[in-house]
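[1] Give me a model of this one.
(one chain, ligands or ions: 1)
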Amino acid sequence: MRQKIVAGNWKMNKTLEEAGILTSELMGLVADEVKGNVKVVLCTPFPYLYPVKQQLGNNARISVGAQNCSEHDSGAYTGETSVAMLKSMGIPYVIIGHSERRQYFGEDGALLATKVDKALAQGLTPIFCCGEPLDIREKGTHEQLVKQQVEESLFHLNAEALQKVVIAYEPVWAIGTGKTATSQQAQDMHAVIRKHIASKYGAVAENISILYGGSVKADNAKELFACADVDGGLVGGASLKSREFVEIVKAI
Ligand code: 13P
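    Down below sits the predicted model:
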């Protein structure tokens, strides 16, 4: 059985105090209301990773993730955060290749492959993002592009390493727009990704969790998560409100 995961990507939001309040609300709601073996990951801004982790303590269900990491091990890279630093704080997850990183910070497939390698080498789970912009969807070449994104950054891994990666499909046109992919569009692309992985890695593809991201809300999560190849969600805006986020987690 593939691991079900609902991850909240807080992006660049919240003060330290607000982060603490949200975490505390989520701890209570998840403990009271969430059943089953779903994993919840809070991808907070860098400065809040350690305080939120401390606050969670030994919480069996909720853990933390970073939103990015450096492709370098250490050194004169002002403003950057290495995977070794994340590891030293006990951070288990890191988002790699979010479309905002690709778009605003020029991160390309080869760079992301290096970041994936760094994360895996330190024992962190990469949540690797892929997804097409609107013009590519309109041109009809979205499957080709997403397969290429997955190939460029993950296909150098051996099967054992690949199994440690979580993939998030986030169509760029659905991010922060309120325009969710239909469950059919999500299922179709998730199946394409899984089939593409199977073409190189065989049965290993069945073990990889593929999350959907892009305007996931409490009222559309159930339908999206019911799709055979959708193993959870990567949630932006709706992860900033405890009640809304917990309803999404419960939808799985
Ligand atoms: P929204 O849920 O706000 O559309 O953001 C999705 C996202 O980018 C998660 O990484």
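[2] Which one of the residues in the protein is closest to the ligand?
    When scored by Cβ to the nearest ligand atom, the chain has Gly236 as its residue closest to the ligand, at 2.2 Å. To be clear about C-beta, it is placed using only N, CA and C from the backbone, and glycine gets the same treatment.
[3] I figured that residue hits Asn9, correct?
    Yes: Gly236 lies in contact with Asn9 (Cβ atoms under 8 Å); the separation is 5.2 Å.
[4] ok, the two, which is more surrounded?
    Asn9 (27 against 22; other Cβ atoms under 10 Å).
[5] Would you mind naming the residues that bridge with the more buried one?
    According to DSSP bridges, the residues that bridge with Asn9 are Cys43.
[6] need the contact list for Leu124.
    Cys69, Val83, Leu86, Lys87, Ile91, Pro92, Tyr93, Val94 (Cβ atoms under 8 Å, 6 or more residues apart in numbering).
[7] Check Gly131 too.
    Ser99, Val146, Gln149, Tyr169, Glu170, Pro171, Val172, Ile175, Gly213, Gly214.
[8] and which of those is nearest Tyr77?
    Ser99 (22.7 Å; Cβ to Cβ).
[9] Count residues in the vicinity of the residue nearest to that closest one when sequence neighbours are not counted, would you?
    Ranked by Cβ to Cβ, 6 or more residues apart in numbering and with sequence neighbours excluded, the top spatial neighbour of Ser99 is Val172, at 4.8 Å. Using other Cβ under 10 Å, the number of residues around Val172 comes to 19.
[10] Gly213 now?
    Quick note: Gly213 (other Cβ under 10 Å) scores 28 neighbours.
[11] chain center to stretch 234-250: distance?
    14 Å (Cα atoms, centre = their mean, to the nearest Å).
[12] buried set for that stretch?
    234-240, 242, 244-250 (16 or more other Cβ atoms under 10 Å).
[13] Mind checking which of these land in helices?
    Ser242, Glu244, Phe245, Val246, Glu247, Ile248, Val249, Lys250 (DSSP state H).
[14] Distance to Gly20 and pLDDT added to these, as TSV?
    Listed next are these as TSV, based on distance: Cβ to Cβ, whole Å; pLDDT from 0 to 100:
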residue	distance to Gly20	pLDDT
Ser242	12	98
Glu244	18	98
Phe245	16	98
Val246	17	98
Glu247	22	98
Ile248	21	98
Val249	20	98
Lys250	23	97
